[in-house]
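Q: Requesting a structural model of the entry that follows:
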Amino acid sequence: MKFSELRSGMAQMWRSRAVDVSSFAGRDIFLYGAGNLGKKLKASLEASGILVKGLIDRRAAVLREQGIDALTLEETADVPKESSIVILAALFSLEEEPRLRDSLAKAGFPRVVALHELDWQSFDSAAFCRNIFIGDYDIEREFARDEADVLAAYELWQTRAERDYYMTHIEAYLRGDFSIFPAPLPLRLQYAAHDVPEEVDMRFFVDCGAFDGDTLRALSAAGREMHDYFAFEPQQELVTCIHAAAEELAIPRAIIVPCGVSSTTQQIRFGAAQEGKSAVKREAAGAHVIQCVSLDTMFAGEAPTFIKMDIEGMEIEALHGAEKLIREHHPQLAICVYHDMSHIWRIPLLLREFYSGYRFYVRNYQYMGLETVVYAFADGE
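A: Residues are numbered from 1 along each chain as shown. Alright, predicted model coming up:
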């Protein structure tokens, strides 16, 4: 079957709920969230001739000290709201968004629209989207070339539900319509594989992209037990936080490595964190140098039971650096695939190349396809 035929056969399941921004004409537009994404969205809207009336943010007092004109929700009491629209200008979770909508409704705002509900074709959104999606994949130029791989990966998913989500994820990018995604799972369950029909073994857990220990804390709250915990986090200022989380949870063996992970032991340049960027990525002329190591080198003679990766688009390189580990020990895997559109097919295909016994599942934990994770579980031996 050709990809176009598969896509056509599934078209009935993709119902767009995207809101045309031009329908906001004549209304007062407020953005809830005056952080980096909010400021970038304001610029994109105004570049399309859509005036933003004001910014609303819980941190308004601090932002005003920084020269940013913003109001708290309480400070909007005297603002006429009858014809206004509030756009949620940040990435709020499945659990946060309903509470926020309720607060805005109680404050008198009649209509609220989230980022994932916008029609990104109805205004000049390209610059804003580049701040959310950090991958370099060129859909128009490269996708036709990759269709055979896209179809091959389609066959790898364990259930029909995985295949449906996989196709929806790709379709959303092809259309530029992120309203067709189903509701995500709670972000607090990311990496826990809580609804995957497999026996999860996190006794020896490798956390690539450990940040401040948030994954460790979340997995512990989800009831996952760890005996050996290795964290890789190149941001030196976060290492103390990870240590504190491991001590608080009384992890028997916790080792924090202040490095990134890659295909080999090497130094890699990354761009500086720019205003409006939700993440940074590898850049040949980047201002920051990060020391990276390979997992094959770090775990020679050891056998982790579970590896998680959320490393800003470096996942494929890091998996190449774990090839021997994967071929010999078949650890369970939770790999982020949302940093680049092509990762949702390239990563399962790469893992199947390393070990043919993996079973694949995919789960999404944030709107717009962000925080999407591929899980791989090995056959019992």
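
Q: List the buried residues of the helix or strand of the chain with the lowest mean pLDDT.
A: Within the chain, confidence by mean pLDDT, DSSP states H and E is lowest for helix 126-132 among all helices and strands, at a mean of 83. The neighbour-count criterion (16 or more other Cβ atoms under 10 Å) identifies 128, 131-132 as the buried residues of helix 126-132. C-betas here are computed from N, CA, C, even on glycine.

Q: can you list the weak-confidence ranges in the chain?
A: 271-281, 380-381 (pLDDT under 70).

Q: Now do the strands in it.
A: Counting by DSSP state E, one finds strands in the chain at the ranges 28-32, 54-56, 84-88, 112-114, 204-208, 228-232, 253-257, 260-261, 266-270, 288-293, 306-309, 332-336, 358-364, 372-378.

Q: got those strands as CSV, with distance to Tyr154 and mean neighbour count columns?
A: Formatted as CSV, these follow (distance: least, Cβ to Cβ, whole Å; neighbours: other Cβ atoms under 10 Å):
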stretch, distance to Tyr154, mean neighbour count
strand 28-32, 38, 21
strand 54-56, 43, 21
strand 84-88, 33, 24
strand 112-114, 29, 19
strand 204-208, 27, 26
strand 228-232, 32, 23
strand 253-257, 36, 17
strand 260-261, 28, 26
strand 266-270, 32, 15
strand 288-293, 32, 16
strand 306-309, 22, 25
strand 332-336, 18, 25
strand 358-364, 11, 21
strand 372-378, 13, 23
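
Q: okay if I get those as CSV plus distance to Arg7?
A: Converted to CSV, these look like this (distance: least, Cβ to Cβ, whole Å):
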stretch, distance to Arg7
strand 28-32, 34
strand 54-56, 39
strand 84-88, 30
strand 112-114, 26
strand 204-208, 33
strand 228-232, 38
strand 253-257, 43
strand 260-261, 35
strand 266-270, 35
strand 288-293, 38
strand 306-309, 29
strand 332-336, 25
strand 358-364, 18
strand 372-378, 19
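
Q: So for Met1, which of the ones you listed sits nearest?
A: Distance to Met1, taken as Cβ to Cβ, is lowest for strand 358-364 among the strands of the chain, at 19.4 Å.

Q: quick check, distance from the closest one to the centre of its chain.
A: 15 Å (Cα atoms, centre = their mean, to the nearest Å).

Q: Show me what that strand is in contact with.
A: Strand 358-364 is contacted by residues 156-159, 162, 165-166, 169, 181-182, 184-185, 190, 193, 195-196, 198, 330, 333, 337, 344, 348, 351-352, 371-379 when judged by Cβ atoms under 8 Å, 6 or more residues apart in numbering.

Q: From those residues, keep the buried residues only.
A: Neighbour-count burial (16+ other Cβ under 10 Å) applied to the contacts of strand 358-364 gives 156-158, 162, 165-166, 169, 181, 184-185, 190, 193, 196, 330, 333, 337, 344, 348, 351-352, 371-378.

Q: So which of the residues you listed belong to helices?
A: Using DSSP state H, 162, 165-166, 169, 344, 348, 351-352 are the members of these that sit in helices.

Q: Now render those residues as TSV, adding distance to Glu117.
A: Output for these, formatted as TSV (distance: Cβ to Cβ, whole Å):
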residue	distance to Glu117
Glu162	25
Tyr165	19
Tyr166	22
His169	17
Ile344	22
Pro348	29
Leu351	34
Arg352	35
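
Q: who does the least confident helix or strand of the chain touch, helix- and strand-wise?
A: helix 36-47 (3 or more Cβ pairs under 8 Å, 6 or more residues apart in numbering; DSSP states H and E).

Q: The helix it packs on: which residues count as buried?
A: So helix 36-47, judged by 16+ other Cβ under 10 Å, has buried residues 36-42, 44-45.

Q: Which of the strands of the chain sits closest to Ser8?
A: Among the strands of the chain, strand 358-364 sits nearest to Ser8 (Cβ to Cβ), with 21.9 Å.

Q: now the angle from that closest one to strand 372-378?
A: With axes from the mean of the first three to the mean of the last three Cα atoms, to 10 degrees as the basis, strand 358-364 and strand 372-378 are set at 160 degrees to each other.

Q: just the CA coordinates of the least confident helix or strand of the chain, formatted as PDB?
A: C-alpha atoms of helix 126-132 as PDB (Å, rounded to 0.1, in the frame of the first residue of the first chain):
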ATOM      1  CA  ALA A 126       6.000  30.300  11.100                       C
ATOM      2  CA  ALA A 127       8.400  32.200  13.400                       C
ATOM      3  CA  PHE A 128       6.300  31.300  16.500                       C
ATOM      4  CA  CYS A 129       6.200  27.600  15.600                       C
ATOM      5  CA  ARG A 130      10.000  27.500  15.200                       C
ATOM      6  CA  ASN A 131      10.100  28.300  18.900                       C
ATOM      7  CA  ILE A 132       8.100  25.300  19.800                       C
END
